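Novice: the following block contains a protein sequence and its predicted model.
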Amino acid sequence: MTPDASHPAATATDSTATASSAATAAVPGRASRRPAILCWIVVMLEGFELVVLGAVIPTLLSTGHLGFTAEAATAVATLSLVGVGLGAAGVGFLADRVGRRAAILACVVVFSIFTVLVPFAPSVLWFAVFRLIAGMGLGAVLPTALTYVGEYSGAGSTARATTLTMTGYHTGAVLAALLAVLAGADWQLLFLGGGIAGFLLLPVLWLRLPESPAFLAARSARTAGHGAGGSAAGPSAGTAAAAAAGGPASASAGDPADPASATGRGGLFSGGFARVTIGVWVASFMGLLLVYGLNTWLPSIMEEAGYRLSDSLVMLLVLNLGAVVGLVVAGRTADRYGTRPMVLLWFGAAAVLLALLSVRMENPVVLHLAVFATGAFVFSAQVLVYAYVSSVYPAEVRGTALGLAAGVGRLGAIVGPFLTGALVAAGIAYPWGFHLFAVVAVLGVIAMALVPRTVRG
């Protein structure tokens, strides 16, 4: 018997089919690596433009540019990260409404304009204002790009896609450290180069970056559900679309999500999601405290420990080289053994290595190996938290979930440089800075240990 098209059950079935078709139509684009490569380049620019400030702070202090002092540098670094936090927290809602593509383009416009303006700042105040606004664009682009690649990668490879994309951040950080050594007193060139690179990337993104298949599927499901005029069609269509687009059903091994949670109708704090949300927020806070505390102040801490400034900048480079290798390894192991267990392992290893760095190492080979290993575990731990979020939350709220996790985490990114800068100003950053970092990594372990193994909506 042919179902009556006016019957509610038939309407729900048609809505589901429409949503699934929309999702399936978007999937063939996954065969192309171009969108993932473009997001990698965007994240690389973010890494370059965020880390470059920490790389040039020693030069700003030694030359007294615009009257920079340690306190002024701490304030600028802190305000920059305030902008990053505001951008990360606010972009998720936008990306879930207007799309990942539009959000990425808008972010690149903002951070490119205000990065170019930094060298022309007439005072420390304006330097801070330009970095604050640039930080908003930089903070917003990362969770949006990670949401995009996590959705684009499909089932079973969310962690690997997320960590590989984040290698772009640390590649940018390596470039920032390397070019800072080469630029010397001509630090202005670093900001000009980063901003111009963003402008050059914009037309490529406009022409070559398609919309996320999962976002298109979720939007199609919402449209179909509204058209059906009933809640019965909505959840069905949403669930089918999410599954077809590699949604929460693609949670990596060890991160099971209950089928009921895949509808995502209860928000970020319903049922088991409440513990997940709180846990990943705390872990993200601790992870970004480590990432930005180290990337902003490592050269200054090592210089205080008695190492030469040139050697300290090399250590920043080695730290981020370790991060790139660690991310590649972390993504593969997380997709195989589960993201949550690997977050615990990575935070634990980071705590041990950070504690070891508080001991002065005279042998340069041993020192650089220790810094390399620290970078491999510290930065990967934070990114694995993002991968976990992408694998657990449904497509309808995934951008919001990842944006808020990053936004809360950015509070740690503010606290980290502020606390470490205070230790530097007091002359006790070595060894107490590393003691602080080790404790923070232990707190990251505790936070993720409290996240339930199975999520039920």
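Specialist: Sure, I can see it.

Novice: give the buried residues for the helix or strand containing residue 162.
Specialist: For residue 162, the host element (DSSP states H and E) is helix 158-183. By neighbour count with 16 or more other C-beta atoms under 10 Å, helix 158-183 contains the buried residues 158-180, 183. (Each C-beta comes from the backbone N, C-alpha and C, glycine too.)

Novice: for stretch 361-379, same thing?
Specialist: Quick answer for stretch 361-379 (16+ other C-beta under 10 Å): 361, 367-368, 370-379.

Novice: nearest to residue 126, of these?
Specialist: Nearest to residue 126 out of the buried residues of stretch 361-379 is residue 379 (C-beta to C-beta; 31.2 Å).

Novice: ok, now which ones touch that closest one?
Specialist: Residue 379 makes contact with 166, 170, 291, 320, 322, 323, 326, 327 under the criterion C-beta atoms under 8 Å, 6 or more residues apart in numbering.

Novice: state the distance from residue 49 to residue 79.
Specialist: Here residue 49 is placed at a distance of 15 Å from residue 79 (C-beta to C-beta, to the nearest Å).

Novice: between the two, which has more neighbouring residues?
Specialist: Between residue 49 and residue 79, residue 49 has the larger neighbour count (other C-beta atoms under 10 Å), namely 30 against 19.

Novice: surely that one is in contact with residue 194?
Specialist: Yes: Residue 49 is within contact range of residue 194, at 4.6 Å (criterion: C-beta atoms under 8 Å).

Novice: and residue 72, how many neighbours?
Specialist: Residue 72: 17 surrounding residues under other C-beta under 10 Å.

Novice: I should have written residue 203 there, sorry.
Specialist: 9.

Novice: ok, the one 10 residues further on next?
Specialist: Burial of residue 213 is recorded as 27 neighbouring residues (other C-beta under 10 Å).

Novice: could you number the chain from 454 rather than 1 from now on?
Specialist: OK, 454 is where the count begins now, so the last one is residue 666.

Novice: let me know the pLDDT of it.
Specialist: For residue 666, the pLDDT comes out at 75.

Novice: same check, this time on the one 3 residues further on
Specialist: At residue 669, the pLDDT value in this model is 77.

Novice: can you count the residues close to it?
Specialist: 23.

Novice: just for the stretch 454-603 of the chain, where's the confidence low?
Specialist: 454-485 (pLDDT under 70).

Novice: quick one: the helices in it?
Specialist: With helices called from DSSP state H, counting those that start in this stretch, the stretch 454-603 of the chain shows them at 461-479, 487-516, 523-551, 553-570, 577-606.

Novice: right, so of the ones you listed, which gets closest to residue 760?
Specialist: Comparison of those against residue 760 by C-beta to C-beta identifies helix 487-516 as nearest, at 12.0 Å.

Novice: next, the buried residues of the closest one.
Specialist: Quick answer for helix 487-516 (16+ other C-beta under 10 Å): 488-489, 491-513.

Novice: nearest to residue 578 among the buried residues of stretch 814-832?
Specialist: Proximity of the buried residues of stretch 814-832 to residue 578 (C-beta to C-beta) peaks at residue 832, which lies at 31.7 Å.

Novice: state the distance from the closest one to residue 774.
Specialist: To residue 774, residue 832 is 11 Å away according to C-beta to C-beta.

Novice: between those two, what contacts are shared?
Specialist: Common contacts of residue 832 and residue 774, defined by C-beta under 8 Å, 6+ apart, comprise residue 623.

Novice: list the contacts of the closest residue to residue 651 other than its chain neighbours.
Specialist: Closest residue to residue 651 apart from its sequence neighbours, by C-beta to C-beta, 6 or more residues apart in numbering: residue 565 at 3.1 Å. By C-beta under 8 Å, 6+ apart, the residues touching residue 565 are 590, 648, 649, 650, 651, 652, 655.

Novice: now for those residues: which two are most distant?
Specialist: Checked with C-beta to C-beta, those reach their widest spread between 590 and 649, with 15.1 Å between them.

Novice: pick out whichever of these two has more residues nearby.
Specialist: Between residue 590 and residue 649, residue 590 has the larger neighbour count (other C-beta under 10 Å), namely 25 against 13.
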